[in-house]
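# Here you go, sequence then predicted model.
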Amino acid sequence: MSDPQIPETKPNQKPSIPSGPPKTPATGGGFSHGTHFPNPPDKVNPDAATLRDQWRFAIRQYSKWYSHAWGTALLAGASFFALGWFIKGSNPIASFKSDSTDGDNDRAAAAADVRQPR
């Protein structure tokens, strides 16, 4: 008895393998001698209104992708800054440490500790 989950193959069937890229019938215009592509180039340039619409669409798409990339980068930077703050427990950027007079007093006290005999 055969397992119902495993389909049986017939011995006389051979898998079909495509021989190459898809072919389209020749459309004329000087492209009939070489390889035929599924998306041949236009025979004439489109009118100015169509080009203008395509250009505006491309600019809109690029602007959207550009703003998304900057938004993602800023969000990632803020997230990593917050993660660093959480892990360290204080500001993770060393250049933002305050150089107040308290720091000078701490250094002076540390120097005084070194000078005192024990």
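Received it, and whenever you're ready, just let me know what you need. As the structure is a prediction and not an experimental result, all values here were calculated from the model.
# mind checking which helix or strand of this structure has the lowest mean pLDDT?
None of the helices or strands of the chain scores lower by mean pLDDT, DSSP states H and E than helix 101-115, at a mean of 55.
# Please identify the helix or strand for residue 72.
For residue 72, the enclosing helix or strand under DSSP states H and E is helix 48-88.
# For residue 80, give me the pLDDT.
Looking at residue 80, its pLDDT stands at 94.
# Use 52 as the first number from now on
Done: numbering now begins at 52, and the last item shifts to residue 131.
# Quick check: closest non-adjacent residue to residue 135.
residue 143 (3.3 Å; C-beta to C-beta, 6 or more residues apart in numbering). Placement of C-beta: from N, CA and C, glycine included.
# Now do the contacts for that neighbour.
132, 135, 136 (C-beta atoms under 8 Å, 6 or more residues apart in numbering).
# In contact with the last one: list those residues for me.
Residue 136 makes contact with 142, 143 under the criterion C-beta under 8 Å, 6+ apart.
# ok, now with 6 Å
residue 143 (C-beta atoms under 6 Å, 6 or more residues apart in numbering).
# Please report the distance of it from residue 125.
Counting by C-beta to C-beta, to the nearest Å, the gap from residue 136 to residue 125 is 16 Å.
# and if you look at the second one?
Taking C-beta to C-beta as the criterion, residue 135 is separated from residue 125 by 16 Å.
# higher neighbour count, the two?
Shown here are residue 135 and residue 125; by other C-beta atoms under 10 Å, residue 135 has more neighbours (13 against 10).
# where does that one land on pLDDT?
For residue 135, pLDDT reads 90.
# low-confidence ranges in the protein?
For the chain, applying pLDDT under 70 flags the ranges 52-85, 147-169.
# try 90
52-94, 96-97, 136, 139-169 (pLDDT under 90).
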